[in-house]
Structure formats: C-alpha cells, structure tokens
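*Asks:* With the input below, show me the fold.
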Amino acid sequence: MDSSRWQYSDCAGLLGRGNCWKIRYSSSINGTHFLRTRSVLPDAGLNNQTARLDIVPYTGDNPLYRHGGVCRKDGELFLRHQDGTPFFWLADTWWMGLTTRLSFPEDFHTLAEDRRQKGFSVIQIVAGLYPDMLPFDERGKNEGGFPWNQDFSEINPRYFDMADRKILSLVEHGLAPCIVGSWGFFMKFAGKDVLKKHWDYLIARWGALPVIWCAAGEANMTFYDEQISLEEHLRQSRHDWNDMVCYIRSRDSFHRLLTIHPTSYGHEQVEDDTLLDLDMLQTGHSGVPSLVPTMQMIRKSVSRRKLPVIDSEVCYEGICGSSYADVQRYAFLSCVFLGACGHTYGANGIWQLNDRNCPYGVSPHGAQWGTTPWQEAYQLPGSRQIGYIKQYLTRFDWWRFEQHPEWVEQPCSLENLDGHFAMGIPREVRLLFKPHFGGDFWGEVLLKEIEPDVRYRAERMNPITGEVTDLGKVTPDAEGNFRMPRIDAFQDWVYALVRTE
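*Replies:* Predicted coordinates for the structure are as follows:
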C-alpha cells in the first residue's frame, strides 16, 4: 500500500489510502444501523459495500459520550451537548499539542488527565499548520513528519495517523478537541484550494468524533514581517475566510459547532457572522493593563446578543513573566459575570510546548515569549483556581444567569478596575464577584434590591482554595439591602445568596 496517496469521499468520515478505506461513523440513535457505500471512483470495489452496526446505550461517565458533542441550539447564547445538557466551556490552549514537543502517550496523557481532573472541557489545538513559525519549521513535525509535503501538493497521512491517536485521547479524557484548521497566514502560504483539501481531510478523519471546528487561528493576521496595505488585506482576508467557513459547513455532514479564532473579534473575521456558532475573542497579553480592554470587548460582543461569546485567548499565565493567578481569576470571573458562556485559559510554556530539554526558542519576530517548560507550566496555580471557580459556578443553573449590576453597591464601571460584579436569577440565586483589584477593601459589600418575600442564605467561596463557607441567614433591611460580613483575608471572593425554603 502506498501510504503517500490519500483520497476523500463525499460521505463524511470515509477516508482512503492506497487500497485501504476506513469509515468513521457515529450516531446518537440506539439500535441497528445499516451501511451501503456508493462510489464514483474508478475502483468498482468501493461501490455497493454493505455493513450492519448495532449501537447500544453508553453507560460510562465520559460527558462527550454520555451527552454528545457540543452544539448551539435555537439561537441560545450558551452551548449545549447534543442531548440538550448545558455545556460550560473551560478550555486550555495547546496550539502545538500534535507535534513531538509533547510526547505520546506518557506526556500527552499526563497533561490531559490533569486538565480533566481540574474540570476543563475543551482543548484548543492546531491541525498541523501552526502559528509562531514558518511552514516546515522543524518544530512543527510530529512522529510522522509534516502534514503536507513542501509544495503543498500532497497530504502526509503518516502525520495524521499520529495526530489521530492524540485527538482520540482527548475525547477519551472527556475533553472536546477544538480543532483549528490552520493559522490565518496559511491562506497566503498554502492558498485557498489547499486549505479546502486540508479541511476535507480533517472532516473525513475527525468529523464523526465530538469535535469543535475552528476555521483558522488569528484569521485576519498577516505574517509577522509582512508589509502590505492593511485595509486591502482585511477586505480580502474576510472574504477568503467567509468562503472557507461556507465550505466547511457544506462538507461537514455532522454539523459540528463552527467558530473562528480572531485577532480581536471573531465576528469581524468574516463577512457574514451568521455562519458562526460561537464568537471567539482575543483581548490581549499585557497582564493587568489588558483587563479593562478585555471587559469592554466582552461587553461589546455580548451586547450584540447574536452569538455565544468566549474569550478564546487572553493573558497566558506566565507570559513575559506576568499574568499569574490573580490575573487569571479576574479575567475568567469578569468575563463570565459579563455574559460569556465560559472561558479559555492558556499558560506560557503549554501553548508552544516548551520542554525542559528542548525549549521552543525564538518566534519569527526574533524574540521569545518565555522559557517556562510545560512540565512546570501545567502546575501553575491559575489553572487549578479557575477549575475551582468552574466547579462552583456549575453547581447552579449558570446558563440562566443574567447580569445584574444594580444588585450591588459600587458595580465595576468597566472603565477601570473599580468595583464589583453581580449576576444570577431573580428570586433564586444571586452571585457576587468581589475582586481584590478595585473591590471594596474590607469586603463589607452591600447587596441591594433583595426581594422581601424570598428567604436566602449566604455563602462565600474562596477561589484560591475552592473552600465554601456558610454565612448563614440573610436578613435584609427595610430597603432590601444586606451587607456582607467583613472578610478575613484580602483577596478575591465569590459570594452567593441561595434561596431556601
């Protein structure tokens, strides 16, 4: 069998190499399924092949198998599994996770299991055509080589044979792979026709799995040293990626969630944002100075009320020697309290997969983003702390939460780090985020407009340790106000008022 030959059929999930063809099929419908092939290829042996499949109920605890892949239903501003179960997006960023920079299976499983235990639900990962390097940079190889030959005339199936094992491992860990087809500047390096073939192959390989499609990373980005007219580039880029998103939709018979990773707002990367299921944002990597712009961008995107919103890249923990756990907590909590349907975390050292014995080195611009190896980066405290926060938020019907700045004294203006955040469900639950950045110093936060005929109890969650403290019965004054007791440590806190019967 000549392993350099590959072909793709119009039936999603059917892939062939030489004389060997394989079908990847999935269905949420239990019972007996029958398969018959139809082929217009010269090899008559592919036509009219039949098979029988018996699909039985899944009994394990993997959420992707138990509830199905991730989707958006009926114009909602949050995500669900296929069976309707709400899906809270907490992603980690492993852009180069399919390369040899993360060995398989030992190191890959170590990182995946750590993220599973901490409550992550998505891994953002690039399918071979990477950022932060030229095409065919040695750092982009995996055990099978590069994904394409050097003139982009043929796909290398050996690369994807190895990538296949890693994508399947993520699914087995209950982590939905958010597969980024390429970085945006490959529209120039490879061209649209090549990228369409690339997407044909990705869909054939992985469309039957509970994956999420991301058309491109930083879709409207030029290459690092390119000198061109930005206005003309953006016009052409938005047109080209609009065309690609349409093409992906036309080829994916499983109708997986489809988004695009941006330079700023995802909905601005294409001409028709109704083609997208999720509005991804990228909001900065400057540590504390990025927090106010991040909140403003989230508010702008959420206020459109067109798409669910995720900040898919902000302030990797440890990048440029900054953006540690306090920044991670503030970014995550402020985004969710402002209406995002989850959040994407990243750690410098993981997105490029720095290794103790093989540091990533410089980027095309000539500098490096940091030298922390992934073996240390995955244990940075920010990932553990946002896991605690997610675990706490998902105790409630978080998908029903609405913003209620009027519930709290001194709400954050979003012009500075100068106040508190409140959200919840009237007459059921109220949540308050009191940040150390700009919150009331002593934590004696005044909650307002409490319904006089609803009984609440209060509790306080420590996002650094995950510990929850019962604060007892809430007794508002005649004006419906209640002041939280003074804190016992100067840090971030999350409070809840929970209805009791």
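
*Asks:* part of a helix, is Ile29?
*Replies:* No: assigned with DSSP: H, G, I helix; E, B strand; the rest coil, Ile29 falls outside any helix and is coil.

*Asks:* OK, contacts around Gly382?
*Replies:* Glu317, Tyr324, Ala325, Val327, Gln328, Arg329, Tyr345, Ala347 (C-beta atoms under 8 Å, 6 or more residues apart in numbering). Where C-beta positions appear, they are placed from N, C-alpha and C, glycine not excepted.

*Asks:* Out of those, flag the one nearest to Gly287.
*Replies:* Val327 (5.6 Å; C-beta to C-beta).

*Asks:* Residues in contact with stretch 218-231: which ones?
*Replies:* Residues contacting stretch 218-231 (C-beta under 8 Å, 6+ apart): 131, 183-185, 188-189, 233-234, 237-238, 241, 260-263, 268-270, 282, 363-365.

*Asks:* Of the residues you listed, which belong to helices?
*Replies:* Per DSSP state H, helices hold the following members of the contacts of stretch 218-231: Lys188, Phe189, His233, Leu234, Ser237, Arg238, Trp241.

*Asks:* ok so, going back, name the nearest of the contacts of Gly382 relative to Arg139.
*Replies:* Ala347 (18.1 Å).

*Asks:* If we only consider the ones in helices among the contacts of stretch 218-231, which is nearest to Asn30?
*Replies:* Using C-beta to C-beta, Trp241 is the member of the ones in helices among the contacts of stretch 218-231 that sits closest to Asn30, with 38.4 Å.

*Asks:* ok so, going back, would you reformat the ones in helices among the contacts of stretch 218-231 as TSV and include distance to Arg499, pLDDT and neighbour count?
*Replies:* Output for those, formatted as TSV (distance: C-beta to C-beta, whole Å; pLDDT from 0 to 100; neighbours: other C-beta atoms under 10 Å):
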residue	distance to Arg499	pLDDT	neighbour count
Lys188	56	94	14
Phe189	56	95	16
His233	53	92	15
Leu234	49	94	15
Ser237	50	96	23
Arg238	47	97	17
Trp241	46	98	24
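
*Asks:* Turn these into CSV, columns for distance to Cys178.
*Replies:* Below are those laid out as CSV (distance: C-beta to C-beta, whole Å):
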residue, distance to Cys178
Lys188, 24
Phe189, 22
His233, 26
Leu234, 24
Ser237, 21
Arg238, 22
Trp241, 17
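
*Asks:* Assign Arg116 to helix, strand or coil.
*Replies:* Look at Arg116: counting by three-state DSSP, its state is helix.

*Asks:* How many neighbouring residues does it have?
*Replies:* Neighbour count for Arg116, taken as other C-beta atoms under 10 Å: 16.

*Asks:* What are the contacting residues of stretch 68-78?
*Replies:* Contacts of stretch 68-78 with the rest of the structure, by C-beta under 8 Å, 6+ apart, involve 28, 79-84, 86-87, 89, 122, 176, 209-212, 254-257, 277-278, 302, 305, 307-309, 339, 341, 399.

*Asks:* Can you give the distance of it from its chain's centre?
*Replies:* Distance, stretch centre to chain centre, for stretch 68-78: 14 Å (C-alpha atoms, centre = their mean, to the nearest Å).

*Asks:* Alpha carbons of that stretch, as CSV, please.
*Replies:* Taking C-alpha atoms only, stretch 68-78 is exported to CSV below (Å, rounded to 0.1, in the frame of the first residue of the first chain):
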residue,chain,number,x,y,z
GLY,A,68,-22.9,14.0,22.8
GLY,A,69,-20.8,16.7,21.1
VAL,A,70,-21.0,20.4,21.6
CYS,A,71,-23.6,22.5,19.7
ARG,A,72,-25.7,25.6,19.8
LYS,A,73,-29.5,25.2,19.9
ASP,A,74,-32.2,27.6,18.8
GLY,A,75,-30.2,30.8,18.9
GLU,A,76,-29.3,30.5,22.5
LEU,A,77,-26.4,32.5,23.9
PHE,A,78,-24.8,29.5,25.6
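
*Asks:* what's the distance between Arg384 and Ile425?
*Replies:* Distance, Arg384 to Ile425, by C-beta to C-beta, to the nearest Å: 28 Å.

*Asks:* Between the two, which has more neighbouring residues?
*Replies:* Comparing Arg384 with Ile425 by other C-beta under 10 Å, the one with more neighbours is Arg384, at 19 against 16.
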